[in-house]
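Student: Quick one: sequence plus predicted model below, questions after.
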Amino acid sequence: MRSDLIDIQVEDYGDDVEITLSGSLGAFQLAAVREKIDMLADGPGCFFFLNLSHAHFKVNDYLDLFLELLNKLQSQNSKLVLIFDSEELDEYFAKYRNIFEIFPSRSAYKDSGISKQLQQI
């Protein structure tokens, strides 16, 4: 699989940045995805929503990438929220379910508690 078959879309909503990652992701694409996500995490935003609903991970190396991203964003006083609603991704992230905030949508996160968000800002 070639790295140009992945899709990364970014939408900026002020303090919210939604990054949508789509495609079938294996070891070959990891470096390109890491570079792009690191660059996006350096940008403005307080809440980073990583939408993985259309991503399929063929290797577990992406878990380390997301843990590093979580650590980086927390050091910047920003928040990482994973967005997906699938059994496949539930199984993929099962080991780290208590570390990541996972919601089926950005609006579901917003509905989960506005006070959390106000404290963050």
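Tutor: Thanks, I have it.
Student: just so I have it, where are all the helices in this structure?
Tutor: Taking DSSP state H, the helices of the chain run over residues 27-41, 61-75, 87-92, 106-111, 114-120.
Student: Show me the shaky parts of this structure.
Tutor: Scanning the chain with the threshold set as pLDDT under 70 gives 1-5, 114-121.
Student: Of the helices of the chain, which is nearest Glu11?
Tutor: Checking those against Glu11 by C-beta to C-beta gives helix 106-111 as the closest, at 9.6 Å. Backbone N, C-alpha and C define where each C-beta goes, glycine included.
Student: List the residues that contact the residue nearest the centre of the chain.
Tutor: Centroid-nearest residue in the chain, with C-alpha atoms, centre = their mean: Leu50, separated by 2.6 Å. By C-beta atoms under 8 Å, 6 or more residues apart in numbering, the contact list for Leu50 reads 19, 21, 37, 66, 69, 80-83.
Student: Turn these into a markdown table, columns for distance to Ile99.
Tutor: Conversion of the contacts of Leu50 to a markdown table gives the following (distance: C-beta to C-beta, whole Å):
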| residue | distance to Ile99 |
| --- | --- |
| Ile19 | 18 |
| Leu21 | 18 |
| Ile37 | 17 |
| Phe66 | 9 |
| Leu69 | 12 |
| Leu80 | 10 |
| Val81 | 12 |
| Leu82 | 10 |
| Ile83 | 16 |
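Student: will you turn those into a markdown table that also has neighbour count and distance to Ala27?
Tutor: Below are the contacts of Leu50 laid out as a markdown table (neighbours: other C-beta atoms under 10 Å; distance: C-beta to C-beta, whole Å):
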| residue | neighbour count | distance to Ala27 |
| --- | --- | --- |
| Ile19 | 21 | 21 |
| Leu21 | 22 | 16 |
| Ile37 | 20 | 16 |
| Phe66 | 19 | 15 |
| Leu69 | 19 | 18 |
| Leu80 | 20 | 23 |
| Val81 | 21 | 26 |
| Leu82 | 20 | 21 |
| Ile83 | 23 | 24 |
